[in-house]
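A.B. asks: when you get a sec, could you give me coordinates for this:
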Amino acid sequence: GNFTVFFEDRAAAFAISSVTTATGPTGFPAAVTGTNITDTHFVIKDWPITIASTSYAYRAWGSVGNNLDHHFYVSNDLTNWTLVSTFTIPNAASFTDAHGFVYYGFHDVILLNGTYYAFAESNQSQTMLVRSTDGDDVWEAFASIGGRPGDGPLELPSGVSVGWTPTGSFIDLGYDRGYGKVYADPRDNNYYLAINTAAQASLAPAALEAAFINPANWTWHDGTTGPASNPILSATAEHDLRECWVVPNSNPNADWMIIYDANFGAADGSLALGYATLTPPPPPRVHNITQGTHYITITAGVNAANPGDVILVDAGTFNERVTINKSLDIRGAQYGVDPTTSGARTNPAMESIIDITGLPLTNPNVLVEVPNGVTNVSLSGFTLMGSPTSHYADEAVVRCWDDDITIEDNIIDGFYGILFKGADNLIVQRNRIVTNKVGVTVQPNPANNVKISDNLITRGSSPAADAAGIYMTGCSNSAITGNTASGFTGASGTNGSNLNHLTVSGNTFTGNRDAISFFGSTTFITIENNDLSSSSRFGINIKGQDIDILGNIIRNCGDAGVNIDRHVIDTERIRLTCNDISGNTNFGVKVNTALVTAIINAELNWWGDASGPYDPDGATEVPPCADTPDALNADGSSDAVTGNVDYCPWAINTQCQPLQQCGDFALLADQIIELDHYKSVEGDIHSNGGIEFDNGRPGTVWGNVTALGNIEIARDNTIDGDVTANGTVKKDKKATVTGTVTSGASLAAVEVPSLSYSCSGTASIIAGKDKTKNVAPGDYNVLRADKNAQLNLSAGEYFVKTLQLDDRSRLRVDVSSGEVTINVCGLINFIKNADIIIIGGDSKDLTINYSGTKKVVLGKDGGYQGSVVAPNALVELGSKAGFLGSICAKSIAIAKDARVR
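C.D. replies: Predicted coordinates:
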């Protein structure tokens, strides 16, 4: 549209004329259009109005002269104006500090929340705020803003006592940031800009009006509240300054434009309308919404905040490094908006951008720092532009050191994206990260409870040779879930060392050198339901212990789908099941058999064809899955496997049921389970051998019963479930089975976990009769509680040669800070009336492993719980004893009136 300016035309006896341009507030033509108005301070608005049943497109107000009278006009063409009335503007009764009355007309009118407001000039140099209900000829002056020395924070330079008034328009600063107003020096020497960021258009009417009339909300453009010192425009020898007003460019973040009417000098014939550009210092864009205070920079807002405050940062660019030196919740303009979805957050004008560009190089060259000792910090909704290249160590966009840090919903670009130096409770979620080194790094100190989820991580334009998506070292009880990290051809989607109890699930790590690579002393890792395809080397490169690899897509990798090797500790207890391992160039599963002697459980995977994996050596295919033992599955047409891979049975399609484990059963035995006059079992029962139910008292099982051998069910037993055996099911006619009874089935064996550890402790802790002893995790010879005594255990791992509980003794296990594992080598003997008490958790949080061969006695009348694993021994639950949890053993005997659930 057109840009039209009305002005007092000195070439036409100060009549009101206008000029129009289609190029914005620059490029005015020489020709002007006159009007029939000779007033001063003429203000026009394109607000339709009806007067005496006639509709008009425009309305205007003018000052008759240096007196109380004002004119109200209407028009339909901007040239010919109809006078509606002559009016005066009274002072409201509440306006007790008024200096004179409005003489010199309006300096713009705005409509906010149903009320019309304008700045006006009194005959005693006071800046008055006036208002009208209908925006016509009925107005009142009700407040003032600055105007003379002592009138408020807009205090005038010393020596100026009259004529200091606002001139021209006041302007919306854009993006709901407040309003600005130009003030004129009466000597025509300088113009100054005042800014009010508290008066925002989105406020309710009463709040907006209060913000306008509060002198404390108006400050000079340079941030000062004392005498004006830095003009935005000054007179020169060629011209003086007269009426002045401010208009913005179409983008409120661009340079503003000052339009001014001046006597330019002889060369211009004293007739010109001129303009000049202005970029004023930015208005406050950082808001402490807890305290209601406002700041120019993020650093100023952070430094002035109290711990726990919430800081909101407007859209715009902030060229500053930020140190968050206290517990704060800092939110950008895109707070709560996920940038990882397709098409999201593509307009930089809507972003709060913290940018390191142009700042002096420092060591470390970090954009946002959360120092050691600062906890409980949240940073969200920003675009964070750090250094793309490395100058010093820790060249990171965000670096943090301590507990309870949340970084979410940010766009992050730099060398290192997020660098966490190690502590507890880090959350990194829903960030879009471009990195030339590593997107999210956790090192070098130990870390606990790190959650990295739903991030989109891509490689930058100048990546390091070993650029990676995620790198973690020394992390425990952590999770990497729902992330996408692709294209890291020199390293991995995620890699790390010395990890413990880590879950990696639901991620897409494709097109990398390795999708996942873990090494060092890495233990208890779950890798499930990830897409790990199209790696140039390995889908998974694993070195460690107790690794579960479940339900992943591992296709089309350059060397092997899964590579298993040794690093610091022996690699063992690796389980792969229900994965799609297909189309990989050399191997589906590759084991360095020279260093890894453990058998890899790779059962029930899909290898790309129903014929199973190609195994020309087949050293561990016992029993064979489809071929005779001497064929060794050499005719398998799927991905190849090396030695030490137990792939039998394999899945015949991509649909897979996970292998059952110890914890899926109440009772699991490798040889035989005997239930003699027992009371009840709640849960499934399985034996890789046989199961014998002697006469019940009666006895009841709520669950399914399965065995690879025979199952015998004597009278007075009720099985509330199915009974299935590869051998024969023999059921007494006075026994009851509510489900199906199946003999001659084809059940697969369920593995009783093998154990490998040693007990080298020499110290013993014995709680004497009626005594209590606290026992820290560690290595021991004997742990024993005598009659009516108690042993207190806490989170961690124990290695014990002998564990004994005497009559009425107690083993109290506190799992509130983590799981407890007791590894016993020589003897477990709970004599009678003993109890295991778990505090802060349940039976799943306590594991009692026994690697020996002697009978494990859970004595009569006792109350026991946890997971008992004894692959080489008989576990006997005594009469009238109760057990809560699961028992997995070589053999199991449940005595008279005993209960398991």
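
A.B. asks: pretty sure Gly699 sits against His677.
C.D. replies: Yes - counting by C-beta atoms under 8 Å, Gly699 does reach His677; the two are 7.1 Å apart. For every residue, glycine as well, the C-beta is placed using N, CA and C.

A.B. asks: those two: which has the busier surroundings?
C.D. replies: Gly699 (27 against 19; other C-beta atoms under 10 Å).

A.B. asks: measure the more buried one to Phe693 for me?
C.D. replies: Going from Gly699 to Phe693 by C-beta to C-beta, to the nearest Å gives 7 Å.

A.B. asks: identify the contacts common to those two.
C.D. replies: Taking C-beta atoms under 8 Å, 6 or more residues apart in numbering as the contact rule, Gly699 and Phe693 both touch Leu675, Asn717.

A.B. asks: contacting residues around the longest helix anywhere in the chain?
C.D. replies: For the chain, the helix that runs over the most residues, judged by DSSP state H, is helix 205-213. If you take C-beta under 8 Å, 6+ apart as the criterion, helix 205-213 is touched by 112-115, 117, 129, 131, 142-145, 179, 196, 198-201, 203, 217.

A.B. asks: could you do stretch 737-747 as well?
C.D. replies: 704, 706-708, 713, 718-729, 731.

A.B. asks: returning to what we had before: output the longest helix of the chain as PDB, nothing but the C-alphas.
C.D. replies: Taking C-alpha atoms only, helix 205-213 is exported to PDB below (Å, rounded to 0.1, in the frame of the first residue of the first chain):
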ATOM      1  CA  PRO A 205      -7.500  -2.000  29.300                       C
ATOM      2  CA  ALA A 206      -7.000  -1.000  32.900                       C
ATOM      3  CA  ALA A 207      -3.600  -2.500  33.100                       C
ATOM      4  CA  LEU A 208      -2.500  -0.900  29.800                       C
ATOM      5  CA  GLU A 209      -3.700   2.500  30.900                       C
ATOM      6  CA  ALA A 210      -1.900   2.100  34.300                       C
ATOM      7  CA  ALA A 211       1.300   1.200  32.400                       C
ATOM      8  CA  PHE A 212       1.000   4.300  30.200                       C
ATOM      9  CA  ILE A 213       0.500   6.800  33.000                       C
END
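
A.B. asks: report the buried residues of it.
C.D. replies: For helix 205-213, burial by neighbour count (16 or more other C-beta atoms under 10 Å) applies to Leu208, Glu209, Ala211, Phe212, Ile213.

A.B. asks: output the residues you listed as CSV; include the columns pLDDT and distance to Leu83.
C.D. replies: Putting these into CSV (pLDDT from 0 to 100; distance: C-beta to C-beta, whole Å) gives the following:
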residue, pLDDT, distance to Leu83
Leu208, 81, 32
Glu209, 80, 30
Ala211, 85, 35
Phe212, 79, 30
Ile213, 77, 31
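
A.B. asks: picking that back up, how far out from the middle of the chain is the longest helix of the chain?
C.D. replies: 37 Å (C-alpha atoms, centre = their mean, to the nearest Å).

A.B. asks: what of stretch 45-60?
C.D. replies: On C-alpha atoms, centre = their mean, the centre of stretch 45-60 falls 53 Å from the chain's centre.

A.B. asks: ditto for stretch 219-232
C.D. replies: How far stretch 219-232 lies from its chain's middle: 41 Å, per C-alpha atoms, centre = their mean.

A.B. asks: one step back: quick one: strands adjacent to whichever helix or strand comes after the longest helix of the chain?
C.D. replies: Going down the chain from helix 205-213, the next helix or strand is strand 218-220, by DSSP states H and E. As defined by DSSP bridges, the strand partners of strand 218-220 come to strand 190-196 (antiparallel).

A.B. asks: then the strand it pairs with to CSV, C-alphas only?
C.D. replies: What follows is strand 190-196, C-alpha atoms only, in CSV (Å, rounded to 0.1, in the frame of the first residue of the first chain):
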residue,chain,number,x,y,z
ASN,A,190,18.0,17.6,19.5
TYR,A,191,15.4,14.8,19.5
TYR,A,192,15.3,12.1,22.2
LEU,A,193,13.4,8.8,22.2
ALA,A,194,11.5,7.5,25.3
ILE,A,195,10.6,3.8,25.5
ASN,A,196,7.9,2.1,27.6
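
A.B. asks: so where do the strands sit in the stretch 801-901 of the chain?
C.D. replies: 810-814, 820-832, 835-839, 846-850, 856-860, 863-877, 882-894, 899-900 (DSSP state E, counting those that start in this stretch).

A.B. asks: mind putting these in a markdown table, mean neighbour count and mean pLDDT included?
C.D. replies: What follows is the strands of the stretch 801-901 of the chain, written out as a markdown table (neighbours: other C-beta atoms under 10 Å; pLDDT from 0 to 100):
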| stretch | mean neighbour count | mean pLDDT |
| --- | --- | --- |
| strand 810-814 | 21 | 97 |
| strand 820-832 | 21 | 96 |
| strand 835-839 | 18 | 96 |
| strand 846-850 | 24 | 96 |
| strand 856-860 | 23 | 96 |
| strand 863-877 | 22 | 96 |
| strand 882-894 | 23 | 97 |
| strand 899-900 | 22 | 96 |
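
A.B. asks: redo those strands as a markdown table? Include distance to Thr4.
C.D. replies: Listed next are those as a markdown table, based on distance: least, C-beta to C-beta, whole Å:
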| stretch | distance to Thr4 |
| --- | --- |
| strand 810-814 | 79 |
| strand 820-832 | 81 |
| strand 835-839 | 80 |
| strand 846-850 | 82 |
| strand 856-860 | 95 |
| strand 863-877 | 83 |
| strand 882-894 | 84 |
| strand 899-900 | 90 |
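
A.B. asks: now Ile457: which helix or strand?
C.D. replies: According to DSSP H and E, Ile457 maps onto strand 456-459.

A.B. asks: now that strand: mean pLDDT?
C.D. replies: Averaging pLDDT along strand 456-459 gives 97.

A.B. asks: go on, stretch 293-305?
C.D. replies: For stretch 293-305, mean pLDDT rounds to 90.

A.B. asks: and Gly709, how many neighbours?
C.D. replies: Gly709 is flanked by 15 other residues according to other C-beta under 10 Å.

A.B. asks: surely it and Gly690 touch.
C.D. replies: Yes - in this structure, Gly709 is within contact of Gly690 by C-beta under 8 Å, at 3.7 Å.

A.B. asks: list residues touching both of these two?
C.D. replies: Residues touching both Gly709 and Gly690 (C-beta under 8 Å, 6+ apart): Ile672, Gly727.

A.B. asks: quick check: the residue lying closest to Asp565 once chain neighbours are set aside vs Glu572, distance?
C.D. replies: Nearest non-adjacent residue to Asp565, counting by C-beta to C-beta, 6 or more residues apart in numbering: Asn592, 4.5 Å away. Computed as C-beta to C-beta, the Asn592 to Glu572 distance reads 13 Å.

A.B. asks: nice, that's everything, thank you.
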